[in-house]
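Peer 1: predicted model follows, preceded by the sequence.
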Amino acid sequence: MNQRKEVEEIKEVNEVKEKSCGVAAFFDLDGTLMALPSLERRFFRTLRYRREIRARNYFLWLKEAMRLMPRGVNAILQANKMYLRGVQIFDERGERDGEVSTWHKSGHQAEGQASALPAKRARRNPRLPAPTFFTEAIERMAWHAKQKHEIVLISGTLEPLAREAAHALEAELAARGGAVKIRAIATRLEEIDGHWTGRVLAEAMFGEAKARAVRRLAVEMKLDLERCFAYGDSLNDRWLMMAVGRPAAVNPSNDLRSIALSRGWPILNWEGKKNFAQRHPDRVGTSAAHRENTEKKECQRAIA
């Protein structure tokens, strides 16, 4: 009788825990939800096209790279944003304060507005890079939304770019009949008088910083990390993935794939098969039927 009572009490405690602690799905952005090159690299190309980056900024970037060198290559690539020093801040739509953009997601101007701007200005003001996501990524995110899971983007890209991606994903999910709010955690930059200084606020969102951010958010949102999901594609995402109970390697680099195999993490292919074969030549010899069956099982494991 006492044993039965004890089992019922444990069950009751678990039910309370299930109700009081939520579940979240954490998604890396570049390479996981969308194909490379990264949003920030595309943003850099846009700024260079607009001639927004001063020549002096390249020297400032090299100087900061030397300072960060003891922390390794990843710190140089992820935490050095001095190329943005003095660049006027753009919002998620690629517009400056007080500037109305006439450019659509496709990159074309609205009909009847081509003559509204001088040709030179029109050429200098394309929209910021609009993200295009893997179909499988949208499907997985829609599944999480259906389960009432919190959805969080966690990326080393710039915060405005991550917010833009979050808005685009919300629109994709809304088109599928699922209204959901997506959080974005990304690298934040210092701003002075409407311009970036190139200095990173707090810490750049890569490597172990992602795991720390996830743990802080878990406290804030009362998440049960053992029941949470995480998706990443590179070795730098391993910290994020180890912070939760349900990680999955998506389009993984060889290093991350090795870790995933050793830990029994699902390995998912959200890229086109051609790209996947190029990135993982060791899988080219596997039959298409076998790959499809394996990927189906891995998908089922990830959402089980």
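Peer 2: Received the coordinates, thanks.
Peer 1: drop to CA atoms for contacts and neighbour counts, all remaining ones
Peer 2: OK.
Peer 1: what is the burial count for A213?
Peer 2: The tally of other residues near A213 (other Cα atoms under 10 Å) stands at 16.
Peer 1: would you say it is within a strand?
Peer 2: No: membership of A213 in a strand is not supported by DSSP: H, G, I helix; E, B strand; the rest coil, which gives helix.
Peer 1: what sits against it?
Peer 2: Counting by Cα atoms under 8 Å, 6 or more residues apart in numbering, A213 touches I185.
Peer 1: and if you look at L189?
Peer 2: 158-159, 196-201 are the contacts of L189 under Cα under 8 Å, 6+ apart.
Peer 1: which stretches of the stretch 51-200 of the chain form helices?
Peer 2: Assigned by DSSP state H, counting those that start in this stretch, the helices in the stretch 51-200 of the chain fall at 55-68, 73-79, 119-124, 135-146, 159-175.
Peer 1: are any of the contacts of L189 buried, and which?
Peer 2: In the contacts of L189, burial by neighbour count holds for 158-159, 196-200, counting by 16 or more other Cα atoms under 10 Å.
Peer 1: which pLDDT value belongs to the residue nearest to L235 when sequence neighbours are not counted?
Peer 2: Nearest non-adjacent residue to L235, counting by Cα to Cα, 6 or more residues apart in numbering: L256, 4.9 Å away. pLDDT, L256: 97.
Peer 1: ditto for G207
Peer 2: Listed pLDDT for G207 reads 94.
Peer 1: then the one 5 residues further on?
Peer 2: The model reports R212 with a pLDDT of 97.
Peer 1: that one: how many residues sit nearby?
Peer 2: By other Cα under 10 Å, the residues close to R212 number 15.
Peer 1: circling back: quick check: phi and psi at the residue nearest to L235.
Peer 2: Backbone geometry at L256, expressed as degrees, to the nearest 10, gives phi -70, psi -40.
Peer 1: separation between it and G232?
Peer 2: Distance of L256 to G232, computed by Cα to Cα, to the nearest Å: 9 Å.
Peer 1: any shared contact partners between those two?
Peer 2: Between them, L256 and G232 share these contacting residues under Cα under 8 Å, 6+ apart: 238, 249.
Peer 1: those strands in the stretch 151-300 of the chain, which residues are they?
Peer 2: Along the stretch 151-300 of the chain, counting by DSSP state E, counting those that start in this stretch, strands occupy 182-187, 189-192, 195-200, 229-232, 246-250, 267-268.
Peer 1: tell me which of these sits most buried.
Peer 2: Across the strands of the stretch 151-300 of the chain, the average number of neighbours (mean count of other Cα atoms under 10 Å) peaks for strand 229-232, which reaches a mean of 28.
Peer 1: could you export that strand as CSV, CA atoms only?
Peer 2: What follows is strand 229-232, C-alpha atoms only, in CSV (Å, rounded to 0.1, in the frame of the first residue of the first chain):
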residue,chain,number,x,y,z
PHE,A,229,15.5,20.5,-28.6
ALA,A,230,18.6,22.0,-30.3
TYR,A,231,19.6,22.0,-34.0
GLY,A,232,23.1,23.0,-35.2
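Peer 1: contacts made by it with the rest, please.
Peer 2: If you take Cα under 8 Å, 6+ apart as the criterion, strand 229-232 is touched by 23-29, 31-32, 238, 240-241, 244-250, 252.
Peer 1: same thing but at 7 Å, please
Peer 2: 24-28, 32, 240-241, 244-250 (Cα atoms under 7 Å, 6 or more residues apart in numbering).
Peer 1: between these, which is nearest M141?
Peer 2: Distance to M141, by Cα to Cα, is smallest for A25 among the contacts of strand 229-232, at 8.2 Å.
Peer 1: so what's the closest one up against?
Peer 2: With contact set as Cα under 7 Å, 6+ apart, A25 has these partners: 149-152, 228-230.
Peer 1: can you redo those residues as CSV with pLDDT and distance to F133?
Peer 2: Below are the contacts of A25 laid out as CSV (pLDDT from 0 to 100; distance: Cα to Cα, whole Å):
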residue, pLDDT, distance to F133
H149, 96, 20
E150, 96, 19
I151, 97, 15
V152, 98, 15
C228, 98, 22
F229, 98, 19
A230, 98, 17
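Peer 1: still on that earlier bit, show me the one of the strands of the stretch 151-300 of the chain that comes nearest L62.
Peer 2: Nearest of those (Cα to Cα): strand 195-200, 12.6 Å.
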